[in-house]
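Peer 1: model the following, please.
(2 chains)
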Amino acid sequence: MLRLVKYLKPFTFLIFISIVLLFLQALANLALPDYMSNIVNVGIQQGGIENAVPEAIRKSQMDKLVIFMDEESRSEVLENYTLKDMNSPDYEEYLKKYPQLKNEGIYILNRISTEETNRINKYMGRAFLAVSGIGQMIADPQKAAAAGSMLGLDMTKIPEGMTAEQVFAMIKTLPEAQLSELLKTMNERFDDLGDKMVTQSAVGTVKAEYTALGMDTGKVQSNYIWYTGLLMLLLSLASAVCTVGVGYLSAKTAAGLAKNLREMAFDRVESFSNTEFDKFSTASLITRSTNDITQIQMLIIVLIRMVFYAPILGIGGIILALNKSTSMSWIIALAVIVILSLIMVVFSVTMPRFRRMQALIDRINLVFRESLSGIMVIRAFNSQKFEEKRFDGANTDLTATSLFINRAMVVMMPVMMLIMNGLSLLIVWVGAHQVAASNIQVGDMMAFLQYAMLIVMSFLMLSIMFIMIPRASVSAGRVADVLETELVIHDPEKPREFTLPIRGQVDFRNVSFRYPGADIDVIHNINFTARPGETTAIIGSTGSGKSTITDLLLRFYDVNSGQILIDGIDIREVTQHDLREKIGYVPQRSILFSGTIESNLRYADENTSEQKLKEAAKVAQVADFISEKPEGFDTGISQSGKNVSGGQKQRLSIARALVKDSEILILDDCFSALDFKTEKTLRKALKRYSEKSTLFIITQRVGTVMNAEQIIVLDKGKVVGKGTHRELMESSDTYREIALSQFKKEELA
Amino acid sequence: MSDREKSTQGRTPGPMGFGPRGGGIQMQGEKPRDFKGTLKKFIQYIRQFKIQVLIVMIFAVASTIFAIVGPKIIGKATTKLFEGVMQTISGTGNGIDFKYIGNIILISLGLYGASAIFSYIQGWIMSGVSMKITYRFRRDISKKVNRMPLKYFDNTNQGEILSRVTNDVDAINQTLNQSLTQIITSVATIIGILIMMLTISRIMTLVSVFIIPLSLVLIIIVVRRSQKYFMQQQVYLGHVNGHVEEMFGGHNVMKAFNGEKKSIEKFNGYNNILYGAAWKSQFLSGLMMPISFFIGNLGYVAVSVLGGWFAVQGKMSVGDILAFILYVRTFMQPISQMANISNVLQQTAASAERVFEFLGEEEESPDIKNPVKPVSISGSVKFNKVRFGYKPDQTIIKGFSADIKPGQKIALVGPTGAGKTTMVKLLMRFYDVNSGGIYIEGNNIKNFTRKELRSIFGMVLQDTWLYKGTIMDNIRYGRRDAKDEEVIESAKIAYVDHFIHTLANGYNHELNEETSNISQGQKQLITIARAILANPKILILDEATSSVDTRTELLIQNAMDNLMKDRTSFIIAHRLSTIRNADLILVMDNGDIVEQGKHEELLEKNGFYANLYYSQFENGDYLSQD
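Peer 2: This next block holds a predicted model:
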């Protein structure tokens, strides 16, 4: 995987933006439970009143409140309120909102910062509780003792029959020392209660204050809920926008990377020589430049959308959850550990079988493929039952293994659900105790529950990656192998050029070659000269190294020692392009490309004349075939020429080489699918057509080479005979043996 | 680095669920032609599992019900908790009722546990059933192959048939394994949740349900648009793969003709379009998640707000809000699942349809009721006015007649396409003649069972079929009860014994998957050994030594001549040198015999055969300028 990271460079910016968007997405998603918690805590429980800092307050009430504040906080609180009364210029406006203004002055809260609000919330919350507590004591003497103890007041000190107003007046007039003593005891009580509880309790009195102001408290509450809901909606819209953005960027990144990789891999392979090609198999190279890259593309998308996201979400979730309640964090840790160990257990049990399963799938495919490709043989030998048994064996193995894996996997879902549900139950249970202890509010617990789910989810996402990444990294490694393969054959830095006109004389001088990694030479110390206008035939049994000579001449491989010269120039001194420009080549296995007959012939020379095409086709004995087709030269050729017979394919591939009109022409055993009559006619026409060319014919047939100017007999990579048919019949045992196996003695005379 | 990959089997193992069904939208487009009919056939096919399937259904529903009740109970606990808190704040009541909450939690734990157990049992049974069905499908297909006429395979791509065993059966397996239970649980969940939601609040349920069509419409719009690009992506992926295969396959030709630039240009053209389609389809399918998430959140917000509003009015408890939120969240999941499942079902039905179609293909005509037993076969074969064509409108063999006496060595020669191999196929009843008849010992070959008829012949084909296994096993394929010594003896006759001994493990040398670790010529020798081992009454050699060098061929022929003394043999050969000593040469052209006789006789006639024969010698005119 890491070997491919450098190819992500052009996408750094896209990835960076994606990560920023992912952050925003996580933030938005993580904020949602918090707002939900506010709806419960503030919207429902506190009647939509967030804190003990009312937006407006009666002057009479404020006067009472300030009694219970020290000098400093008192001035701070009053600074943040503005007193309005009948004389204020905006009286009418406020009257509508606070009908009580008609009767007395009202303090209106200034626009202040959240920090400021939080600061004065503490003073006002306590003051509100003190005022309402005393109010309660007076109103309901039976509860007086209890409420009094809460405030740290001794009720017995208050003379009976006093109204609340009188009591406040009395307290106000207390000497400084006594008052501060009173405040101190009260504050100690409040400290015990905790700020959260003070605020929660104080909002009740704030609500009463709003009622006293003549405000519609129901509306305050519903406004709060709607307002929060709207915020949530905006947040989830923001989150959706971020996700869409990430989706866009990740799609662009992944598809872009895949495009670049495909392009690079393809370019690379196209410049491979046979040495590199042999290192991988053709099938493997195809998979590497197609399927493997698609795999990587999928991985990148998941990588950006999930792997980058999961930690952000998980860590964010943990931070927020800890914010809500540190004391419950162990529950999340526990859940994560349990789930991860479940995954580990299931995977460690199934993984080995998983690997085996791929082998079993390959096996069943193989057996079935074999039973299809060998259908004639199977029927001929009456071995249908045997094949069925073979297939059944593979089938049973595969079934047993996948059943095991399936059943192990089936455990995952229910257990995972059980863990998740157990987690929520545990949170409710532990949370309930925390709520009872006033450490958190109910809404906080609900938010915590959702955070816990998000965190567990992010771990699940990550664990999926542990399965995906190894798979894709295998693909990545295979693609990197292709991209990093060093080319063995290079063009020279200062290439020479053939001097025109080229004659096309080919010299092999002490040429030896062995395949990379082989112990012995395929061809050893080969020497010969092929002259223009002459036919040089190379004959030998399978494996004697005939085709290697073509491969070397075309520079599909480089010689290990010796040199190959064309018109006296070493072929390694010119560019590969120039070299191949001079050679017409008909391969042993005829290969056509999809397109039309014409496009295939023109593959040799795009700008060739119509006349030339027809001529080449005629020489290659394929003109009749073409003219018989209703579309003629426009007849379609399917991939690798499947829709034409072997013989026609060979002739078309010969015609293609002829179109090139090259100085050197190589026919590598390319008459095998032609009957002797056609072959003979073709060869005759060919000889006339390429009169001046250096012609190479590689074959096993003695009949084909009999009349060549020069026959080179190869055996086990060595030249064991050189000369004309007549000479060789005399001098070469190998040649004679080959000839006699094909003809009767008298026929060869 | 000699790893072998098969591009034909690019499938991901199913059970993990990261296969093609992994994310978002899948390729649509595949639809069965006859959904109902296929479903009927399928139900028929799995009828023996009806009890298990019933149990699975019941358990799936049970598990869902237990799971669905959970949130409501947790909600109750929350409500109790909330009430307790309120009481504490207002200083009334006895605070939080932990006993009640504890009880509730225990109850729900029990419910969740039961749900998990039911769900697991259900999954256990279902995976067993689906694997058994998959197994049966594969087995039936493999057996079916052996009962079908060869004609079918001429017209059908091998990869296509292979894909039925792998991809199609796999698709069925996955659907059975996952989607079937998903349908049940999804439906149960949707209904269950609806009921639970209704018991909490009708208005809120209405609002939540109202959101669903909204999301469905949006999702359908996205799916439609992305479908277009998915198709385009698929098409261009095909182009890219095709071009890559073609160019890599013809690498040498491409290089020899300096075709690099052209090839890369074409590739880049495809690649660029593929890129556009790939990112667009990815992006659009990636929209699904945020859209359904956003809509899910819409529901979430609606529930929170409405719930809050109702709670204020005292119409709803806090716990109910929590429960409702949990329900709404789970509600979206089965719905988007269902949208997906219908897609999956369509595809599966298309797969099943293909499989059933294959299983329902016409089979070979049954063997005759009272067959003749092939006892004391001397090897006389008679062709009587045989007419045959692979396709009804194309007659290839036009009235072929020949009378072959026991022990004769018959050579069939003629240009490509003359119908030589076809004759062999008719003789072994791979195909049945259209008219006329073929007789062995005077009995029409239709009067034998195919099995017994074919046991008369030993056949070596040009196409050397061997299978992955040891060389010993491969030769023994000719006669499976043969002893090791007999196998080795046949190998000696086929001149392959020496070669086998040069291999790493001798006769236990394992042939690889493409049987590419020995040469074509050696493969031919092994197939000859295989036919020799079968010890047939009549031997057929169809271009059997075309890849063997001529010296070895000569040796084999001598050995064969010995072996086949007094046995009839048919030889089809390109190299006329191989057939000079045949007892009878049948010269075929255009599906008919144009000449027949011995080598010398035919040469004297100076006709078609002589022409064919002499064309392999140049008689000095190779260079002549005439």
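Peer 1: can you list the weak-confidence ranges in chain B?
Peer 2: Regions of chain B meeting the criterion pLDDT under 70 cover residues B:1-30, B:89-94, B:339-340, B:416-417, B:513-517, B:546-547, B:574-575, B:577, B:615-626.
Peer 1: helix/strand/coil for the most centrally placed residue in chain B?
Peer 2: Within chain B, one residue has its C-alpha closest to the average C-alpha position: by CA atoms, centre = their mean, that is residue B:163, at 2.2 Å. Taking DSSP: H, G, I helix; E, B strand; the rest coil as the rule, one finds residue B:163 in the helix state.
Peer 1: for the longest helix belonging to chain B, what is the distance to the chain centroid?
Peer 2: Residue-count comparison of every helix in chain B, with assignments taken from DSSP state H, identifies helix B:260-312 as the longest. Helix B:260-312 sits 32 Å away from the centroid of its parent chain (CA atoms, centre = their mean, to the nearest Å).
Peer 1: what helices or strands is that helix leaning on?
Peer 2: Other elements packing on helix B:260-312 under the criterion 3 or more CB pairs under 8 Å, 6 or more residues apart in numbering or on different chains; DSSP states H and E are helix A:12-38, helix A:217-270, helix A:291-302, helix B:202-249, helix B:318-359. For every residue, glycine as well, the C-beta is placed using N, CA and C.
Peer 1: helices or strands up against the helix or strand encompassing residue B:191?
Peer 2: Using DSSP states H and E, residue B:191 sits in helix B:180-200. When contacts are defined as 3+ CB pairs under 8 Å, 6+ apart, helix B:180-200 packs onto helix B:50-90, helix B:98-147, helix B:202-249, helix B:318-359.
Peer 1: so who does residue A:682 touch?
Peer 2: Counting by CB atoms under 8 Å, 6 or more residues apart in numbering or on different chains, residue A:682 touches A:619-621, A:651, A:654, A:671, A:674.
Peer 1: let's see it at 6 Å
Peer 2: With contacts defined as CB atoms under 6 Å, 6 or more residues apart in numbering or on different chains, residue A:682 is in contact with residue A:621.
Peer 1: what helix or strand is it located in?
Peer 2: Using DSSP H and E, residue A:682 falls in helix A:676-689.
Peer 1: what lies in contact with whichever helix or strand comes after that helix?
Peer 2: Scanning forward in sequence from helix A:676-689, with DSSP H and E defining helices and strands, the next element found is strand A:694-699. The contact list for strand A:694-699 (CB under 6 Å, 6+ apart) reads A:504, A:506, A:530, A:532, A:535-538, A:546, A:664-669.
Peer 1: distance from the chain centre to stretch A:472-484, please.
Peer 2: Taking CA atoms, centre = their mean, the mean C-alpha location of stretch A:472-484 is offset from the chain mean by 14 Å.
Peer 1: please disregard the earlier target; I meant stretch A:548-558.
Peer 2: So, by CA atoms, centre = their mean, the centroid of stretch A:548-558 is 41 Å from its chain's centroid.
Peer 1: list the buried residues for it?
Peer 2: If you call a residue buried by 16 or more other CB atoms under 10 Å in any protein chain shown, then stretch A:548-558 has these buried ones: A:548-557.
Peer 1: those residues in helices, which ones?
Peer 2: Among these, the subset assigned to helices under DSSP H consists of A:548-553.
Peer 1: for the stretch 401-550 of chain B, which segments are assigned as helices?
Peer 2: Secondary structure of the stretch 401-550 of chain B by DSSP state H, counting those that start in this stretch: the helices cover B:420-427, B:450-454, B:471-476, B:484-493, B:497-502, B:520-534, B:550-563.
Peer 1: out of those, which comes closest to residue A:219?
Peer 2: If you check each of those against residue A:219 by CB to CB, helix B:471-476 wins as the nearest, at 89.3 Å.
Peer 1: buried stuff in the closest one?
Peer 2: Those buried within helix B:471-476 under the rule 16+ other CB under 10 Å are B:471-476.
Peer 1: give me the residues contacting that helix.
Peer 2: Contacts for helix B:471-476 (CB under 6 Å, 6+ apart): B:466, B:482, B:487, B:500, B:507, B:509, B:529-530, B:533.
Peer 1: going by neighbour count, which of these comes out on top?
Peer 2: When neighbours are taken as other CB atoms under 10 Å in any protein chain shown, the top entry among the contacts of helix B:471-476 is residue B:529 (29 neighbours).
Peer 1: residues in contact with that one?
Peer 2: If you count contacts by CB under 6 Å, 6+ apart, residue B:529 has them with B:475, B:490-491, B:494, B:496.
Peer 1: try it again with 10 Å
Peer 2: The contact partners of residue B:529, by CB atoms under 10 Å, 6 or more residues apart in numbering or on different chains, come to B:460, B:471, B:474-476, B:478, B:487-497, B:500, B:556.
Peer 1: please report how far whatever residue of the stretch 1-150 of chain B ends up closest to chain A lies from residue B:56.
Peer 2: With CB to the nearest CB, the shortest gap between the stretch 1-150 of chain B and chain A falls at residue B:123, namely 3.4 Å. Applying CB to CB, to the nearest Å, the value for residue B:123 to residue B:56 is 9 Å.
Peer 1: what touches both of those two?
Peer 2: Taking CB under 10 Å, 6+ apart as the criterion, residue B:123 and residue B:56 both touch residue B:181.
Peer 1: quick one on the thing from earlier: nearest to chain B among the ones in helices among the buried residues of stretch A:548-558?
Peer 2: When those are compared for distance to chain B (CB to the nearest CB), residue A:551 comes out closest, at 7.9 Å.
Peer 1: tell me which residue in chain A sits closest to chain B.
Peer 2: Ranking the residues of chain A by distance to chain B (CB to the nearest CB) places residue A:707 first, at 2.8 Å.
Peer 1: so that residue, which state does it fall into?
Peer 2: Using three-state DSSP, the structure places residue A:707 in coil.
Peer 1: what's the burial count for it?
Peer 2: Using other CB under 10 Å as the criterion, residue A:707 is surrounded by 20 other residues.
Peer 1: ok, it touching residue A:534?
Peer 2: No. Distance between residue A:707 and residue A:534: 11.2 Å, which falls outside the contact criterion (CB atoms under 10 Å).
Peer 1: now the residue in the stretch 301-450 of chain B positioned nearest to chain A: closest residue in space that isn't a chain neighbour?
Peer 2: Of all residues in the stretch 301-450 of chain B, residue B:305 sits closest to chain A, with a separation of 3.6 Å (CB to the nearest CB). Taking CB to CB, 6 or more residues apart in numbering or on different chains, and ignoring the residues beside it in sequence, residue B:305 has residue A:229 as its nearest neighbour in space, at 3.6 Å.
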